[in-house]
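A.B. asks: Predicted coordinates and the sequence they were generated for:
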Amino acid sequence: MNMAGIILTAAGLGFLGLGAQPPVPEWGAMISTGRRYMLECWWLVATPGLAIMMVSLAFNLFGDGMRDVLDPRSE
């Protein structure tokens, strides 16, 4: 249920350099590395940012759907 929060926390820690160490690919670390080139090559930051957004949204929608299907209190 809280998978989106976990993904955002892991990306935030990776951005700060406290996540997985290189050569392990991590979305937060990708954004941190692309920060230097953001004005010339905006897609280096936008691509992992969109991936974080899409996966978080997908987990939220999936969790809402599963709650609606499996909730015994619903009519």
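C.D. replies: Structure received. Since the structure is predicted, the reported quantities are computational estimates derived from the model, not experimental observations.

A.B. asks: Please make it C-alpha for all contacts and neighbour counts, starting now.
C.D. replies: Fine.

A.B. asks: and the gap between Arg35 and Phe15?
C.D. replies: 10 Å (C-alpha to C-alpha, to the nearest Å).

A.B. asks: Which one of the two is surrounded by more residues?
C.D. replies: Phe15 (19 against 15; other C-alpha atoms under 10 Å).

A.B. asks: Show me where the chain dips below the pLDDT cut-off.
C.D. replies: 1, 74-75 (pLDDT under 70).

A.B. asks: Show which residues not belonging to stretch 37-55 make contact with it.
C.D. replies: The contact list for stretch 37-55 (C-alpha atoms under 8 Å, 6 or more residues apart in numbering) reads 4, 7-8, 11, 27-28, 30-31, 34-35.

A.B. asks: okay, which residue is most central for the chain?
C.D. replies: Ile52 (2.8 Å; C-alpha atoms, centre = their mean).

A.B. asks: Now that one. Its backbone dihedrals?
C.D. replies: Taking degrees, to the nearest 10, you get phi -60, psi -50 for the backbone angles of Ile52.

A.B. asks: how close does it sit to Gly28?
C.D. replies: For Ile52 relative to Gly28 (C-alpha to C-alpha), the value is 9 Å.

A.B. asks: Between these two, which contacts overlap?
C.D. replies: Once C-alpha under 8 Å, 6+ apart is applied, the residues that Ile52 and Gly28 both contact turn out to be Ala11.

A.B. asks: ok, back up a step: just the buried members of the contacts of stretch 37-55?
C.D. replies: 4, 7-8, 11, 27-28, 30-31, 34 (16 or more other C-alpha atoms under 10 Å).

A.B. asks: Among the residues you listed, name the ones in strands.
C.D. replies: Among the buried ones among the contacts of stretch 37-55, DSSP state E puts none in strands.

A.B. asks: what's the closest of these to Gly63?
C.D. replies: Top of the list for closeness to Gly63, among those and by C-alpha to C-alpha, is Ala4 at 10.0 Å.

A.B. asks: In contact with the closest one, which residues?
C.D. replies: 55-57, 59-60.

A.B. asks: correct me, but Trp27 touches Leu13?
C.D. replies: No - look at Trp27 against Leu13 with C-alpha atoms under 8 Å: they stay out of range, at 10.0 Å.
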